[in-house]
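Colleague: sharing a sequence plus its predicted fold:
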Amino acid sequence: MLDHVGLRTTQYAEMLRFYEAALAPLGYTKTMDVGVAAGLGRNGEVPLWIGEGPAASSVHLAIAAASRDEVDAFYQAALANGATDNGPPGPRPHYHETYYGAFVLDPDGNNLEAVCHG
């Protein structure tokens, strides 16, 4: 249903560095750069954009992980690059039986999650 999501920030360079580092364990890299915004993606898709501008509001952004190990690696990479813990890696059976996720707050306070459904 969604094609892409854009996050605006007044800390453009810092947020771009954060997202590049935090999402690297999930296979995401910066694939496009238009000067005031950069797109991150994998497999030829660019579903996430970080752009310069006033932060409109905080969001919850969940990124699919291929394995529980990727979720764990995402969590460690995010914390090492300035995130705040918002829920360590682990099962979330209240969502469904095989839900495994980790939650952090990015430097602007957005709730970023990596999730594996297997």
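Modeller: Structure's in. What do you need?

Colleague: what about residue 78, helix or strand, and which?
Modeller: helix 68-80 (DSSP states H and E).

Colleague: please read the previous query as pertaining to residue 15.
Modeller: helix 12-23.

Colleague: tell me where the protein has strands.
Modeller: For the chain, the strands defined by DSSP state E occupy 5-9, 29-33, 37-42, 45-52, 60-64, 84-85, 90-91, 100-105, 111-116.

Colleague: show residues contacting the first one.
Modeller: Spelled out, it's strand 5-9. Here strand 5-9 makes contact (C-beta atoms under 8 Å, 6 or more residues apart in numbering) with 15, 37, 47-56, 59, 61, 107-108, 110. No exception for glycine: its C-beta is placed from N, CA and C like everyone else's.

Colleague: redo that, cut-off 7 Å
Modeller: With contacts defined as C-beta atoms under 7 Å, 6 or more residues apart in numbering, strand 5-9 is touched by 15, 47-51, 53-56, 59, 61, 108, 110.

Colleague: good, wrapping up.
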